[in-house]
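> just coords:
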């Protein structure tokens, strides 16, 4: 794991230089985007020491169930740690789960007081367990009840010597909320408001991929994503989690993913809803659109600078028709800004909740797509599909027409979605009707903008079915983004909870899922020419024979359907076999 000279933290790190006798540290760099150094976008470091004060964001120690990151615009950085399970208590002893660990360095030895910015609703929900270094766990059970954010301190102080220390906090009673911590040697000091702002580190990480240089302007030919020359491509990358909860760091995270993972593409998951189901505040785009747009633009710019592709994801878990005008306005603005860049893809709705039919989604898409095409005639547009983007065959039965370069989102979680969803994907891709939802035999291009190695609740990983799905994606040149690049305490996360998202990372920083996914991404994706259906590097009579066999109902082994439609009319016929034969004997020199 990366170590900085003074501070090692959970999500971000700040390198500071302390000078004897100075009232504040010297920090390197500044905020380039003009927003406040501890602004509501969350672009901030997490631990900051100044003379007698050590400020710590609560989420700095990672997220361990049942202590999870939640949203509140009145919280520092608009996120805090909540004891999510309302029935979870541990009054008699410290629990084995939900332990949040904060590592920090003390420059000046002395007696330190621990303050916390909390919401503790009543006398039955106003305590935590606390442990400093190797001392035993002690209950902090005298926090003043407060229904809104307020500061209180432990009655017992800590004698801390210079050097590294470790503070642990765990839940004790339900419904408590923890926003920020302060360790101070100034025992007369009382914090107020959100506490001191934590400044942004400056600088950047250099990275450059040649993927956009190689592939250029992407296009859809038949059911295949292709490069500017019409050759099928498969992009491999990652999706962020919700950027309001697990913020990646501008100028650092994406360049480090290019350098350490070799990603071709990054998906920026911009959650849309402000409230989910009316009682869970998500703090998405609808709650603060200008801030969320700025954040998206920062990360899109990072991807462009790094030379990779980027998906702008309207990450909705709803009926998209409820947000049609907001989506039209958003994608009009994004396409006007980025329509000239071949790097950018637009995902106009992430997942369609169960019960919303395809005709509703299609009507929504047909209103949003023109907003993009008015500014951007050719970048890829991705449409979500019914039932959390699993029922792609229902979209295939009635595809959107009249526009070029459209693709359809396929989502799956390997622990939960097996042949039932894979059969639907095959029907949509190959024009079959095994599940009975594609009666006209239509074929549509698919892109797996979100998939995980886990079950859909992210409680365990299933690498056997992950490999089955991976084989399917590879065989059909389906591009993908794995969910998720985050350090959330769940099976599908790439990064361990206590590791920051800034980078760089080493193998010990990755989860079991992260190591597995990274192994599938190493090295450039193999590229094969149109017509080379058996991937032997040659376009010859064997390829023509395999196409002919496929057309007569046979199932030739090692047959790549994405390379067989050489005349690009959307179907594989004997005419394709004939064209491959003509190419082989020299009667034509291209398809």
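Perfect, I can see it now. Quantities reported herein were computed from a predicted structural model and do not represent experimental measurements. Numbering: from 1, shown residues only.

> May I ask you to name the longest strand in this protein?
Secondary structure assigned by DSSP state E gives strand 110-120 as the longest strand of the chain.

> how about low-confidence regions in this structure?
1-51, 85-86, 199-202, 522-528, 562, 570 (pLDDT under 70).

> how does it divide into domains?
16-184, 211-521, 541-585 (automatic domain parsing).

> For residue 532, which of those is the nearest?
Closest of the domains of the chain to residue 532 is domain 541-585, at 5.8 Å (criterion: CB to CB). In this view, the C-beta of every residue, glycine as well, is placed from N, C-alpha and C.

> Any figure for the gap between the nearest residue to residue 54 once chain neighbours are set aside and residue 162?
Leaving out its chain neighbours, the residue that sits closest to residue 54 by CB to CB, 6 or more residues apart in numbering is residue 183, at 4.3 Å. In this view, residue 183 and residue 162 are 14 Å apart by CB to CB, to the nearest Å.

> between the two, who's got more neighbours?
residue 183 (23 against 11; other CB atoms under 10 Å).

> Could I get the full set of strands for the stretch 151-300 of the chain?
Secondary structure of the stretch 151-300 of the chain (DSSP state E, counting those that start in this stretch): strands at 158-160, 163-171, 177-184, 219-221, 224-226, 236-240, 265-271, 275-276, 280-281.

> Take those and lay them out in a markdown table including distance to residue 250.
Below are the strands of the stretch 151-300 of the chain laid out as a markdown table (distance: least, CB to CB, whole Å):
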| stretch | distance to residue 250 |
| --- | --- |
| strand 158-160 | 33 |
| strand 163-171 | 28 |
| strand 177-184 | 22 |
| strand 219-221 | 30 |
| strand 224-226 | 28 |
| strand 236-240 | 13 |
| strand 265-271 | 12 |
| strand 275-276 | 27 |
| strand 280-281 | 25 |
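
> closest one to residue 486 among those strands?
Of all the strands of the stretch 151-300 of the chain, strand 236-240 comes closest under CB to CB, at 6.8 Å.

> Can you list the strands that that closest one pairs with?
strand 265-271 (parallel), strand 480-485 (parallel) (DSSP bridges).

> Make JSON lines from those and add mean neighbour count and distance to residue 78 to it.
Below are the strands paired with strand 236-240 laid out as JSON lines (neighbours: other CB atoms under 10 Å; distance: least, CB to CB, whole Å):
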{"stretch": "strand 265-271", "mean neighbour count": "25", "distance to residue 78": "12"}
{"stretch": "strand 480-485", "mean neighbour count": "26", "distance to residue 78": "19"}
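
> quick one, which of these is nearest to residue 233?
Nearest to residue 233, of those and by CB to CB, is strand 265-271 at 10.5 Å.

> Tell me which of the domains of the chain sits most buried.
domain 211-521 (a mean of 20; mean count of other CB atoms under 10 Å).

> and the gap between residue 189 and residue 144?
17 Å.

> what does residue 404 give?
For residue 404 relative to residue 144 (CB to CB), the value is 62 Å.

> And for residue 278?
Distance from residue 278 to residue 144, by CB to CB: 30 Å.

> Over to residue 102?
22 Å.

> same question, residue 176
From residue 176 to residue 144 the distance is 12 Å (CB to CB).

> Find residues that contact each of the two.
Here residue 176 and residue 144 have 120, 126 as joint contacts, going by CB atoms under 8 Å, 6 or more residues apart in numbering.

> where along this structure do the helices fall?
With helices called from DSSP state H, the chain shows them at 211-215, 253-261, 289-306, 324-338, 358-373, 386-389, 392-396, 419-430, 463-475, 512-521, 541-551, 574-585.
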